[in-house]
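1. Below is the sequence, then the predicted model.
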2 protein chains.
Amino acid sequence: MEALKQRILRDGRAVNEQILIVDSFLNHQVDVELMRLVGEAFAERFAQAKPNRIVTIEASGIAPAVMTAQCLRLPMVILKKSASRVLSDDIVQTEVFSFTKNAPYQLTLKRQFIENGDRVLLIDDFLANGEAALGACRLIEQAGATVAGIGAVICKAFQPGLQKLRDQGYDVDALAKIRKMSEGTIEFDEA
Amino acid sequence: MEALKQRILRDGRAVNEQILIVDSFLNHQVDVELMRLVGEAFAERFAQAKPNRIVTIEASGIAPAVMTAQCLRLPMVILKKSASRVLSDDIVQTEVFSFTKNAPYQLTLKRQFIENGDRVLLIDDFLANGEAALGACRLIEQAGATVAGIGAVICKAFQPGLQKLRDQGYDVDALAKIRKMSEGTIEFDEA
């Protein structure tokens, strides 16, 4: 998605080879018009997968997921990050390790909000190590649904998440795939 | 907002006199079409306050705030809930007590995302004790901006937040004001 790549080059900041700051338009301040275009791009990319539900992970995935859901006229479900394990029949949880916070959390879903047979499109802001996305896929499948596709706004393609998810057979894509970065420079994959 | 009140009566659940569950359309599963109508209602209610920025608090405020920002064509800023105090010149923080979690957190803003002279419309999903909204107002004013209005999707008007904020002179409104509730019954204020 060209408008997104241009925005990353203009307003993003590679702090080092691992950390990209995009908080002026994606995850602290949000450019809502850009998110509308992001939603349209996801809707176009994944329409043929025929999803009937959008799922995202709180909190930074919500804005792009709302816009994708609006474009496809689908309901959206926000997976919660809970510090503790809840023992309840109507809740499903899976442990995810956050590399950002260097600590695990319990990704949490009330079972009734994903139905048996649903085709879920998972939308998130970033794909890096893929731990959050893999956890979300486990919950979606535990609820009896199918992962119809996984869309990330930005993928750090030099980290293992993209390949791990593809190796498991998921249809994964990102609107901007970063091949390589270092302080002050960002290079995209063309594909 | 009639469609919202009807939805609360149909799909909301008053567990007791204090706790209302609306997670099937507002804060876990999200009805994006209803959120679009919520955004339109906020835009209409607060247009005359001439806001130039929407601010919300992660995570459940994001969906209604995105829709309000889309309707008014304004940028949006998400205030973060951080567990710890950060000492940095470019960050402003204020402590907020969460009655839901029975613990304090640091409401956090990168100073550059609210400018001196901004007119901010604060949007959140719930207004109850008002602690989060009051904290957000402190941050907005610390950044040199004015709180042009405060909109909550649902207000528990029998709790002190609405009156506290009005006593401080803020223009506060909610799209559904609950006057009273108990297990199985929900009554709205007409105003």
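-> Okay, I see it.
2. tell me which residues in the host helix or strand of A:M35 are buried?
-> Secondary structure assignment for A:M35, by DSSP states H and E: helix A:32-46. Neighbour-count burial for helix A:32-46, counted by 16 or more other Cβ atoms under 10 Å in any protein chain shown, picks out A:32-43, A:45-46. To be clear about C-beta, it is placed using only N, CA and C from the backbone, and glycine gets the same treatment.
3. For that helix, which outside residues touch it?
-> For helix A:32-46, contacts defined as Cβ atoms under 8 Å, 6 or more residues apart in numbering or on different chains pick out A:1, A:3-4, A:7, A:25, A:63-64, A:66-72, A:121, A:123, A:148-149, A:151, A:153, A:171, A:173, A:175, B:66, B:69-70, B:73-76.
4. again, but for stretch A:15-31
-> A:7-8, A:11-14, A:34, A:60, A:63, A:125, A:153-154, A:156, A:159, A:178, A:180-183, A:186, B:66, B:69, B:75-78, B:80, B:110, B:112-113.
5. hmm, back to that, export the buried residues of helix A:32-46 to TSV and append columns for pLDDT.
-> Formatted as TSV, the buried residues of helix A:32-46 follow (pLDDT from 0 to 100):
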residue	pLDDT
A:V32	97
A:E33	97
A:L34	98
A:M35	98
A:R36	98
A:L37	98
A:V38	98
A:G39	98
A:E40	98
A:A41	98
A:F42	98
A:A43	98
A:R45	98
A:F46	98
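6. quick one: contacts for A:A143?
-> A:V92, A:L109, A:R111, A:I114, A:E115, A:N116, A:D118.
7. Secondary structure class of the fifth one, three-state.
-> Classification of A:E115 by DSSP: H, G, I helix; E, B strand; the rest coil places it in coil.
8. Kindly state the pLDDT recorded for the residue found closest to it once you drop the neighbours it is linked to in the chain?
-> The shortest distance from A:E115 to any non-neighbouring residue, by Cβ to Cβ, 6 or more residues apart in numbering or on different chains, is to A:A145 (6.8 Å). On the pLDDT scale, A:A145 is placed at 98.
9. Quick one: neighbours of A:A145, just the number.
-> Residues near A:A145, counting by other Cβ atoms under 10 Å in any protein chain shown, number 20.
10. if I look at it, how far off is chain B?
-> 13 Å (Cβ to the nearest Cβ, to the nearest Å).
11. Likewise for A:G135?
-> Relative to chain B, A:G135 is positioned 17 Å away (criterion: Cβ to the nearest Cβ).
12. Could you list the buried residues of the helix or strand hosting that residue?
-> Take DSSP H and E as the rule and A:G135 turns out to sit in helix A:131-142. Residues of helix A:131-142 classed as buried by neighbour count (16+ other Cβ under 10 Å): A:E131, A:A132, A:A133, A:L134, A:G135, A:A136, A:C137, A:R138, A:L139, A:I140.
13. if we can go back for a sec, now a ChimeraX select for only the buried ones of the contacts of helix A:32-46.
-> Typed into ChimeraX, the next command selects the buried ones out of the contacts of helix A:32-46 (criterion: 16+ other Cβ under 10 Å):
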select /A:1,4,7,25,63,64,66,67,68,69,70,71,72,121,123,148,149,151,153,171,173,175 /B:66,69,70,74,75,76
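14. For A:I57, list each beta-bridge partner.
-> Counting by DSSP bridges, A:I57 is bridged to A:L79.
15. Check it and give its pLDDT.
-> Note for A:I57: predicted pLDDT of 97.
16. quick one, what contacts it?
-> A:I57 is in contact with A:I78, A:L79, A:K81, A:L107, A:D124, A:A132, A:A136, counting by Cβ under 8 Å, 6+ apart.
17. partners of the fifth one in the sheet?
-> The residues paired with A:D124 through beta bridges, assigned by DSSP bridges, are A:A152.
18. and it, what does it touch?
-> If you count contacts by Cβ under 8 Å, 6+ apart, A:D124 has them with A:56-57, A:60-61, A:64-65, A:132-133, A:136, A:150-153.
19. Below-threshold pLDDT in chain A: ranges please.
-> A:191 (pLDDT under 70).
20. and chain A, which of its residues are near chain B?
-> Contact residues, chain A versus chain B (Cβ under 8 Å from any Cβ of the partner chain): A:23-24, A:27-33, A:35-36, A:58-59, A:62-63, A:66-67, A:69-70, A:73-78, A:80, A:110, A:112-113.
21. and A:I123, what is it in contact with?
-> Neighbouring residues of A:I123 by Cβ under 8 Å, 6+ apart: A:F42, A:I54, A:V55, A:T56, A:G61, A:P64, A:A65, A:T68, A:G151, A:A152.
22. list the contacts for A:C137?
-> A:C137 sits next to A:L122, A:V147, A:I150, A:L165, A:Q168, A:Y170 when contact means Cβ under 8 Å, 6+ apart.
23. Filter the residues you listed down to just the ones in strands.
-> Of the contacts of A:C137, the ones assigned to strands by DSSP state E are A:L122, A:V147, A:I150.
24. Neighbour-wise, give me the winner out of the residues you listed.
-> Going by other Cβ under 10 Å, A:L122 tops these with 29 neighbours.
25. Grab the nearest non-local neighbour of that one.
-> Closest residue to A:L122 apart from its sequence neighbours, by Cβ to Cβ, 6+ apart: A:I150 at 4.7 Å.
26. Repeat that for A:M67.
-> Closest residue in space to A:M67, ignoring its immediate chain neighbours: A:G39 at 2.8 Å, by Cβ to Cβ, 6+ apart.
27. so A:A136 touches A:V77, yeah?
-> No: between A:A136 and A:V77 there is no contact under Cβ atoms under 8 Å: 10.1 Å.
28. Overlap of the contact sets of those two?
-> Common neighbours of A:A136 and A:V77, using Cβ under 8 Å, 6+ apart, are A:V55.
29. The residue nearest to A:L122: what's it in contact with?
-> Per Cβ under 8 Å, 6+ apart, neighbours of A:I150: A:L121, A:L122, A:D124, A:L127, A:A133, A:C137, A:L165, A:Y170, A:D171, A:V172, A:D173.
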